[in-house]
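Trainee: next input, structure requested:
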Amino acid sequence: MIRRICATIVMLCAALGGTVGHAQPYKLTAKLDTERAFVGQPLVYSLSIAYSGNQPQQQPTLPTLDPAWGLGPMKLAGTSNFTQINNGNVVMSVELKYTLPTSKEGTFKIPPASLTVGGQRYDSNEVSLTVTKVTAATVNLPPELQGKVVPPQINPPNAELQKNLTGIIFVLPVMGSIAPYEGQQVSATFYLCIDPSGLEKYGIQGNNVYIRDISLPKFQQFLKEETYSVPQNLTFTERAIGSKKYLVTELYEAAVTPTKTGPLTIEPCGIALSLAAKGRGRSAFDDPFFQNDPLFESLMPGFGGNRLEIVAQSPALEINVKPLPKDGRPAGFAGAVGDFSLTATVDKRTAAAQEDILKLQLKLEGRGNASGISEPKLPDVDGLQLLEAPKSATDRRREGNSTLFSKTFDYILRPMKAGAMTIPPVEIAAFSPTSGRYYKVQSQPVSLQIAPPTNPQAALVANASPAQAVATPKPNGDQPRQLNDDIRYITAESLQAFEPGLLTGEGPLFPALVAVPPALVLAGWLVRRRRNNRDVNRAGYKAKVAADKARKHLRKAGANLDPAKHDAFYEELARGIRGYFGDKLRLDPASLTIEYIDDILGHRGVDEVSRRRIAETLEKCDSARYSPSRPSAEEMKAILDSTAGILAAMEKVLSK
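Mentor: Numbering: from 1, shown residues only. Predicted structure coming up:
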């Protein structure tokens, strides 16, 4: 024992002596875990910094990668420290490991990395890389998967295990079409596939998987609409792919629309997983106390037992976007690509001329990008007036394994004369990727029965010419007055001088003047604090002050309690109602239709009578804004009081 201690002391002294006398400069060494890779295969770029003395505190400068190469960006994956004694010198090193994604084929020279210490720069070596498409057949891989699977990345790196796990754990990309048309919306779905028997063969458990990280495609040169986001927990189902069975789970899905023609690339989708492995070094969590403990696993998933990190990744996908054919393109084509249907509905088919309003809704739905389609033009119908530009909204729904997208257009119409009338079919020109041809989708005609106006005098006023309308006397009998009779002119007067004393501290107002700045600072601090608290929980703040905001709108409506201002009155009234329910229910007021409000309040337990009163009030507000006749002041006062009572009752119900 004494001999060993003496020998150790001698070696340390020699090492320290050698260190002092033979200090070596910094040395950088770069390498890749492999110099040949497939497109989409994740790589590990390692940079080792050897030094003697103090460890450098500066971060190295990574190589600059040409964006056209399809490499990167590099992300730090871990660090390791090493110490060794070489010829009497103590040499220490730190190794930095970075993940390096690949998305394009080619041969590349990755430039040196560098480190600058004390004004002196140290460079590493350059490294070579060759990236090819996945063309070689993989052993024991079904023909359906050949060319669609890339090797996983193993941490810590293990080239032999990486080779063995190829085709056992991978991300499979599935495109709705690899040759879509310009403007065609296609689905891009990514599945995680695991062969549990293959994992078990190499001592890895496939039923104990946790997500560490995920890297989603950026979909450059595509319009993207996410239809299925990454799940928090993985749920697998057994599926057969060719002759083999895999545990499969859907990771991510998006509906993408190419924005240009020609070859385009969809970047790989990668997921870092933590799996339980046998035969690896023990950790502090390998004690039986932690093993198979559901509480520990729920608090610290992925840390119990021996763990192995595997990064499964899909290959980059090459698609070729075809231009739309020019032959047969209709004159009214505006870029609608997909297989759609068009329906037309009205809220009511009977109405009174010049008094009621109609709501016509056109709904375009199908498999395609409906969001970019502009509103169709309604055919001219004698006796039917369009009151304002249509409002649109988009939506989607699942039907089987596919997603249907829709866009609705709401038109506000007023019938101007009595009789039977028909809204003709509305047409939209589109291109069908299924048939490869242009077509026109049509809505069905809508029949209406319009009754004569119930107030003939209102009809006469509505049909009066602009000159007659201007010449109609005002109800209050006011006459025009001269505009300059209330002008007051500035009168020049001599300046007055005041006795000094205020600013010298001798006046009685001086203490108040001194107290004003601190008071303003305190008030500003209180206002800022209130704003910060409000911003932290903006939705909750809006719900809390919903009633106050609604009362402000009702007061503005009350200020317009004049038959001549009925437009502004009913507009403020509708804003108050919709704004109240939007803030209280934490929804966008612009999306609150009468039917939507009624449905939500029904789920919140509001009785049918109250819901009907709310619907009738909103319908009255919408129709009265465009009514040619003027309501009486008594009618306006009655609906204002009724609205105040309704909102007060709703505040009691919705604040519980």
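
Trainee: could I get the full set of helices for the stretch 551-656 of the chain?
Mentor: Using DSSP state H, counting those that start in this stretch, the helices of the stretch 551-656 of the chain run over 566-585, 594-603, 608-624, 633-654.

Trainee: with the chain instead?
Mentor: Along the chain, counting by DSSP state H, helices occupy 2-21, 159-164, 196-201, 294-299, 456-463, 466-471, 510-536, 538-544, 546-559, 566-585, 594-603, 608-624, 633-654.

Trainee: in the third one, what's buried?
Mentor: Read that as helix 196-201. In terms of neighbour count (16 or more other CB atoms under 10 Å), helix 196-201 has its buried residues at Pro196, Gly198, Leu199. Just so you know, the C-beta spots here come from the backbone N, C-alpha and C atoms, and that holds for glycine as well.

Trainee: equivalent analysis for the second one, please.
Mentor: Along helix 159-164, these residues count as buried under the neighbour rule (16+ other CB under 10 Å): Leu161, Gln162, Asn164.

Trainee: which among those gets closest to Lys552?
Mentor: Proximity of those to Lys552 (CB to CB) peaks at Gln162, which lies at 66.0 Å.

Trainee: can you give me the end-to-end span of stretch 582-600?
Mentor: Stretch 582-600 has an end-to-end distance of 11 Å (CA to CA, to the nearest Å).

Trainee: for Ile266, which non-adjacent residue is closest in space?
Mentor: Closest residue to Ile266 apart from its sequence neighbours, by CB to CB, 6 or more residues apart in numbering: Leu317 at 4.2 Å.

Trainee: these two touch, right, that neighbour and Thr265?
Mentor: Yes: at 6.9 Å, Leu317 counts as touching Thr265 under the criterion of CB atoms under 8 Å.

Trainee: near the closest residue to Gln449 other than its chain neighbours, how many other residues are there?
Mentor: Of all residues not flanking Gln449 in the chain, Thr350 sits nearest, at 4.9 Å (CB to CB, 6+ apart). For Thr350, the count of nearby residues is 11 (other CB atoms under 10 Å).

Trainee: so where's this protein shaky on pLDDT?
Mentor: The model of the chain has pLDDT under 70 over residues 1-24, 86-89, 134-140, 279-305, 456-510, 531-542, 588-592, 623, 625-629, 656.

Trainee: which residues sit in contact with the residue nearest to Ile266?
Mentor: Listed by CB atoms under 8 Å, 6 or more residues apart in numbering, the contact partners of Leu317 are Pro173, Met175, Ile178, Ala188, Thr265, Ile266.

Trainee: list only buried entries from these.
Mentor: Among the contacts of Leu317, those classed as buried by 16+ other CB under 10 Å are Pro173, Ala188, Thr265, Ile266.

Trainee: is it true that the first one touches Ala312?
Mentor: No: counting by CB under 8 Å, no contact exists between Pro173 and Ala312, whose distance comes to 11.9 Å.

Trainee: quick one: the strands in the stretch 251-400 of the chain?
Mentor: With DSSP state E, counting those that start in this stretch as the criterion, the stretch 251-400 of the chain has strands at 262-266, 270-277, 307-313, 317-321, 336-346, 350-352, 358-368, 384-386, 391-399.

Trainee: CSV for those strands, including distance to Glu427?
Mentor: Shown next, in CSV, are the strands of the stretch 251-400 of the chain (distance: least, CB to CB, whole Å):
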stretch, distance to Glu427
strand 262-266, 32
strand 270-277, 46
strand 307-313, 47
strand 317-321, 27
strand 336-346, 8
strand 350-352, 25
strand 358-368, 11
strand 384-386, 17
strand 391-399, 17
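
Trainee: next, count neighbours for the closest residue to Pro157 other than its chain neighbours.
Mentor: Among residues not flanking Pro157 along the chain, Asp33 sits closest, at 4.8 Å (CB to CB, 6+ apart). Other residues within reach of Asp33 by the criterion other CB under 10 Å amount to 18.

Trainee: quick check, Asp33 in contact with Val44.
Mentor: Yes: assessed by CB under 8 Å, Asp33 is found in contact with Val44 at 4.3 Å.

Trainee: which residues do those two both contact?
Mentor: Residues touching both Asp33 and Val44 by CB under 8 Å, 6+ apart: Pro157.

Trainee: show me what contacts the residue sitting nearest the centre point of the chain?
Mentor: By CA atoms, centre = their mean, the mean C-alpha position of the chain lies nearest to Glu226, the distance being 8.0 Å. For Glu226, the contact set (CB under 8 Å, 6+ apart) comprises Tyr252, Glu253, Ala254.

Trainee: from the residues you listed, list just the buried residues.
Mentor: By neighbour count, with 16+ other CB under 10 Å, those hold Tyr252, Glu253, Ala254 as buried.

Trainee: wait, which of the residues you listed is closest to Asn81?
Mentor: Closest to Asn81, out of all of the buried ones among the contacts of Glu226 and judged by CB to CB, is Tyr252, at 36.7 Å.

Trainee: bridging residues for the nearest residue to that closest one once chain neighbours are set aside?
Mentor: Take Tyr252 and drop its neighbours on the chain: the residue closest to it by CB to CB, 6+ apart is Phe190, 4.9 Å away. Counting by DSSP bridges, Phe190 forms beta bridges with Pro173, Tyr252.
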